[in-house]
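Enquirer: Need a 3D model of the sequence below.
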Amino acid sequence: MYPLIFSLVFKRMDAEDAHHFAFRFIRLLPTLGLGRLVESFTKPSESLAVEALGLRFPSPFGVAAGFDKDGYAVRGLGNLGFGHVEVGTITAIAQPGNERPRLFRIIGDRALVNRMGFNNHGADAAVGRLSRLSRRRHRPVLGINIGKSRVTAVEDAVPDYERSTRVLAPYADYLVVNVSSPNTPGLRGLQELDALAPLLEAVRAAAGRTPLLVKIAPDLADDEVARICELATRLRLDGIIATNTTIARTGLTASAAEIERIGAGGLSGAPLATRSLEVLRLVREHVPADLCVISVGGVETAADVQERLDAGATLVQGYSAFIYRGPTWARQINRGLVELRRRRARDAASVAA
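Expert: Sure, this is the predicted structure:
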């Protein structure tokens, strides 16, 4: 039914309005008493569980940062079958983000462009909600993604991130330093090693025992990716997330006029898949085998997720395809992964026989 609903309803709505409409439904699942009922159809198979970051993930597949900015729908997303939810990006200081329109669908390419600008209510406002959530036993793994406040100068980024870390790390199962969004002026410059090393050192100290990861852009050159991997290893970070959205517009079938109409922003979805996979393989080559690597970018099917796992990902995240696949997306992925593994086992047994 969802493709029909998308075509008749959501496709005709502003992309951000459609997101808020669906988000309200997901957020209400637990409070309406529907969560456990839905979960009876979506719960991942026990065979999919992954041990990483000292945590047990019910499925290797989770929701990337950006879908739930402030942590309002974590339980509902868990009810839909996602093994973990990364909320944010949350900044130390509340901010409205960029002016609308700021979220755009490129339907023919199964893609999105966003220039949201880290719209969120700020770290302090999230504390009560995330504190209550962290104490719940029945919930997905909770990641918290933090970024630089727009009003904070780049040269003052370290204390800004430190503040968010001190406020939020106690309630995170894992914490992510986002230095790779293209929608905050100057942010991506923090990926340069001279700026990144002191930032990660400071956040590492402020995070205490909370596992710490850094999220990188797909637009980095290969040698830059390698150097960040070496830095993450030297600083004993717990993981790397690869990748964020891209500022490139290569590989699109959309017309030049449509791309120009949409304008600036980070591109995500299917066109990002090739580069995201390349960066994943590069990261895995340059980090220890036990370092957690989370792959995100262009993932839509169970086969896509399994390809990332085969390429060395510990966990996989998605977001953009949620718009095109609908509320059963995580269920589709989880069921598909089980079937793929059964086929592999049967094929291996057949060859051995």
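
Enquirer: for residue 81, phi and psi?
Expert: Main-chain dihedrals, residue 81, degrees, to the nearest 10: phi 110, psi 0.

Enquirer: all strands for the stretch 101-250 of the chain, in order.
Expert: Listed in chain order, the strands found in the stretch 101-250 of the chain under DSSP state E, counting those that start in this stretch are 103-106, 111-114, 141-147, 174-178, 212-216, 239-242.

Enquirer: In JSON lines: the ones you listed, plus distance to residue 81 and mean neighbour count.
Expert: All C-beta spots, glycine's among them, are computed from the backbone N, C-alpha and C. As requested, the strands of the stretch 101-250 of the chain are exported to JSON lines (distance: least, C-beta to C-beta, whole Å; neighbours: other C-beta atoms under 10 Å):
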{"stretch": "strand 103-106", "distance to residue 81": "23", "mean neighbour count": "21"}
{"stretch": "strand 111-114", "distance to residue 81": "21", "mean neighbour count": "26"}
{"stretch": "strand 141-147", "distance to residue 81": "13", "mean neighbour count": "26"}
{"stretch": "strand 174-178", "distance to residue 81": "20", "mean neighbour count": "26"}
{"stretch": "strand 212-216", "distance to residue 81": "23", "mean neighbour count": "25"}
{"stretch": "strand 239-242", "distance to residue 81": "21", "mean neighbour count": "28"}
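
Enquirer: For residue 32, find the nearest of those.
Expert: Among the strands of the stretch 101-250 of the chain, strand 141-147 comes nearest to residue 32, with 21.5 Å by C-beta to C-beta.

Enquirer: wait, residue 169 sits on residue 204?
Expert: No. No contact is recorded between residue 169 and residue 204 when judged using C-beta atoms under 8 Å, the distance being 10.4 Å.

Enquirer: that older thread, can you put the strands of the stretch 101-250 of the chain in JSON lines and add mean pLDDT and distance to residue 312?
Expert: As requested, the strands of the stretch 101-250 of the chain are exported to JSON lines (pLDDT from 0 to 100; distance: least, C-beta to C-beta, whole Å):
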{"stretch": "strand 103-106", "mean pLDDT": "96", "distance to residue 312": "29"}
{"stretch": "strand 111-114", "mean pLDDT": "96", "distance to residue 312": "25"}
{"stretch": "strand 141-147", "mean pLDDT": "98", "distance to residue 312": "19"}
{"stretch": "strand 174-178", "mean pLDDT": "97", "distance to residue 312": "18"}
{"stretch": "strand 212-216", "mean pLDDT": "97", "distance to residue 312": "15"}
{"stretch": "strand 239-242", "mean pLDDT": "97", "distance to residue 312": "10"}
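
Enquirer: what would the ones you listed look like in JSON lines with distance to residue 78?
Expert: Listed next are the strands of the stretch 101-250 of the chain as JSON lines, based on distance: least, C-beta to C-beta, whole Å:
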{"stretch": "strand 103-106", "distance to residue 78": "24"}
{"stretch": "strand 111-114", "distance to residue 78": "23"}
{"stretch": "strand 141-147", "distance to residue 78": "9"}
{"stretch": "strand 174-178", "distance to residue 78": "16"}
{"stretch": "strand 212-216", "distance to residue 78": "20"}
{"stretch": "strand 239-242", "distance to residue 78": "20"}
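
Enquirer: Identify whichever of these lies nearest to residue 92.
Expert: Set against residue 92 and scored by C-beta to C-beta, the strands of the stretch 101-250 of the chain come closest in strand 141-147, at 8.0 Å.

Enquirer: What is that closest one packed up against?
Expert: Other elements packing on strand 141-147 under the criterion 3 or more C-beta pairs under 8 Å, 6 or more residues apart in numbering; DSSP states H and E are strand 55-57, strand 84-91, helix 123-134, helix 157-168, strand 174-178.

Enquirer: got CSV for these, with distance to residue 2 too?
Expert: Written out in CSV, the entries for those read as follows (distance: least, C-beta to C-beta, whole Å):
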stretch, distance to residue 2
strand 55-57, 26
strand 84-91, 21
helix 123-134, 28
helix 157-168, 34
strand 174-178, 30
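
Enquirer: Pick the most buried one from the ones you listed.
Expert: strand 84-91 (a mean of 29; mean count of other C-beta atoms under 10 Å).

Enquirer: the helices in the stretch 201-350 of the chain, which residues?
Expert: Along the stretch 201-350 of the chain, the stretches classed as helices by DSSP state H, counting those that start in this stretch are 222-234, 256-262, 273-286, 302-310, 320-325, 329-352.

Enquirer: Tell me which residues of the first one come out buried.
Expert: Buried positions in helix 222-234, judged by neighbour count with 16 or more other C-beta atoms under 10 Å: 225, 226, 227, 228, 229, 231, 232.

Enquirer: send the alpha carbons of it over as PDB?
Expert: The C-alpha atoms that make up helix 222-234 are tabulated as PDB, following Å, rounded to 0.1, in the frame of the first residue of the first chain:
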ATOM      1  CA  ASP A 222      41.300   9.100   0.000                       C
ATOM      2  CA  ASP A 223      44.500  10.200   1.800                       C
ATOM      3  CA  GLU A 224      42.400  12.500   4.100                       C
ATOM      4  CA  VAL A 225      40.200   9.500   5.000                       C
ATOM      5  CA  ALA A 226      43.300   7.500   5.800                       C
ATOM      6  CA  ARG A 227      44.800  10.200   8.000                       C
ATOM      7  CA  ILE A 228      41.600  10.500  10.000                       C
ATOM      8  CA  CYS A 229      41.500   6.800  10.400                       C
ATOM      9  CA  GLU A 230      45.100   6.900  11.800                       C
ATOM     10  CA  LEU A 231      44.100   9.700  14.100                       C
ATOM     11  CA  ALA A 232      41.000   7.800  15.400                       C
ATOM     12  CA  THR A 233      43.200   4.800  16.100                       C
ATOM     13  CA  ARG A 234      45.900   6.900  17.900                       C
END
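
Enquirer: No further questions, thank you.
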